[in-house]
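Participant: with the sequence up front, the predicted model follows.
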Amino acid sequence: AEAEDRDNRIGAIGATDATIESVIKPYADLENRQAGLTNQLSFYQHVSSDKQLREASNEADAKFRKYGIEAGLREDVYRAIHKVYEDNKNNATLDAETRRFLEKVNRQYERNGLSLPLEKREKIKELKQQLSTLSLKFSQNLSEETGFLLFTREQLEGLPDDVVASFEKVEEPEGPVKYK
């Protein structure tokens, strides 16, 4: 909700009022505050042993991605950001960090297709949504994977002993000890 409010405020700024202070600073401030939280919430899908927590984290990540796609295609926000970019791209007094962030955000919107005709933007949106869905599914499949490979001690030759000791040992009745 906070990100949507910020985008609504930025999108409502007229071309003559679009400045680093009115557009880029609020954009950067919210991005900085939310990045840590977003990363924390989506991290659990990769590391938690609790299936429900992994699923909840995956659902949260799906919502973040869906919003990110929608927000990244807002023409009104892009117009304000692009106006600030155009006004400041040759500004020698701009500090390097602000210049870099401004270039990055403007390029991000352009890569989302906002400098293209509407029909191409719609295709980009569709492809981004498909990619997001497939990425989440891949991540979920990877987290749920319980398969393993078995190796003999000889096949692990060259690995440090402490690494080999960390592997689970599987003893087969008719064969050597294997490591997984």
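Facilitator: Right, received. Where do you want to start? Residues are numbered from 1 along each chain as shown.
Participant: contact partners for Glu122?
Facilitator: By CB atoms under 8 Å, 6 or more residues apart in numbering, no residues touch Glu122. Where C-beta positions appear, they are placed from N, C-alpha and C, glycine not excepted.
Participant: quick one: end-to-end length of stretch 88-97, please.
Facilitator: Terminal residues of stretch 88-97 lie 13 Å apart, using CA to CA, to the nearest Å.
Participant: what is the burial count for Leu102?
Facilitator: When neighbours are defined as other CB atoms under 10 Å, Leu102 has 23 of them.
Participant: how would you label it: helix, strand or coil?
Facilitator: Under DSSP: H, G, I helix; E, B strand; the rest coil, Leu102 falls in the helix class.
Participant: centre-most residue in the protein?
Facilitator: Nearest residue to the geometric centre of the chain (CA atoms, centre = their mean): Arg65, 7.4 Å.
Participant: what about it, which helix or strand?
Facilitator: Using DSSP states H and E, Arg65 falls within helix 51-71.
Participant: in the protein, which spans are helices?
Facilitator: For the chain, applying DSSP state H gives helices covering 2-11, 25-47, 51-71, 75-88, 96-111, 118-144, 161-166.
Participant: who's in contact with the fourth one?
Facilitator: I take that to be helix 75-88. Residues contacting helix 75-88 (CB under 8 Å, 6+ apart): 7, 10-13, 15, 18-20, 23-24, 27, 71, 94, 99, 102-103, 105-106, 109, 114.
Participant: likewise the fifth one?
Facilitator: Helix 96-111 is touched from outside by 20, 24, 27-28, 72, 77-78, 81-82, 84-85, 88-89, 91, 94, with contacts defined as CB under 8 Å, 6+ apart.
Participant: now the angle from it to helix 51-71?
Facilitator: 90 degrees (axes from the mean of the first three to the mean of the last three CA atoms, to 10 degrees).
Participant: same thing with the fourth one?
Facilitator: Angle of helix 75-88 versus helix 51-71, following the same axes, to 10 degrees, is 60 degrees.
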